[in-house]
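[1] Below is the structure, and that's it, no one-letter string:
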């Protein structure tokens, strides 16, 4: 299961608040396929509830929904944050 660090949770909460998303929403990790196909990545979106088959976890005050197609990618991974010009970005470490 994906582990969310306190720093990553703070970034997610800040982004959720900045976007005006209700505090009751969680963050969903799912497969992203760029236009035209190609390499899949992991996308993140704030959602009101899990979809069927999602793994659900609550960590550091953030509810996370991990879609079945990315559970292998995110198994034993850590979501953290790293400083960038003027802010923080989310980083997945395996």
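    Arrived safely, thanks for sending. Computed from a predicted model, the values in this text were never measured in an experiment.
[2] so is the residue lying farthest from the centre of the chain in a helix, a strand, or just coil?
    Ranked by distance from the centre of the chain (C-alpha atoms, centre = their mean), the top residue is residue 36, with 23.6 Å. At residue 36, secondary structure determined by DSSP: H, G, I helix; E, B strand; the rest coil is coil.
[3] same question, residue 73
    Applying three-state DSSP: residue 73 is helix.
[4] One more: residue 70?
    Per three-state DSSP, the local secondary structure of residue 70 is helix.
[5] just checking, it touches residue 33?
    No. The pair residue 70 and residue 33 does not pass the contact test of C-beta atoms under 8 Å, sitting 11.8 Å apart. The C-beta positions use only the backbone N, C-alpha and C, and glycine is treated the same way.
[6] so how many other residues sit close to the closest residue to residue 92 other than its chain neighbours?
    Once flanking residues are discounted, residue 92 sits nearest to residue 77: 5.2 Å by C-beta to C-beta, 6 or more residues apart in numbering. By other C-beta atoms under 10 Å, the residues close to residue 77 number 17.
[7] Tell me which other helices or strands the helix or strand containing residue 8 touches.
    Mapping residue 8 onto the secondary structure by DSSP states H and E places it in helix 6-18. In terms of contacts (3 or more C-beta pairs under 8 Å, 6 or more residues apart in numbering; DSSP states H and E), helix 6-18 is packed against strand 62-66, strand 78-84, strand 87-93.
[8] again, 6 Å this time
    strand 78-84 (3 or more C-beta pairs under 6 Å, 6 or more residues apart in numbering; DSSP states H and E).
[9] List the strands paired with the strand it packs on, with their directions.
    Neighbouring strands of strand 78-84 in its sheet, by DSSP bridges, are strand 3-4 (parallel), strand 87-93 (antiparallel).
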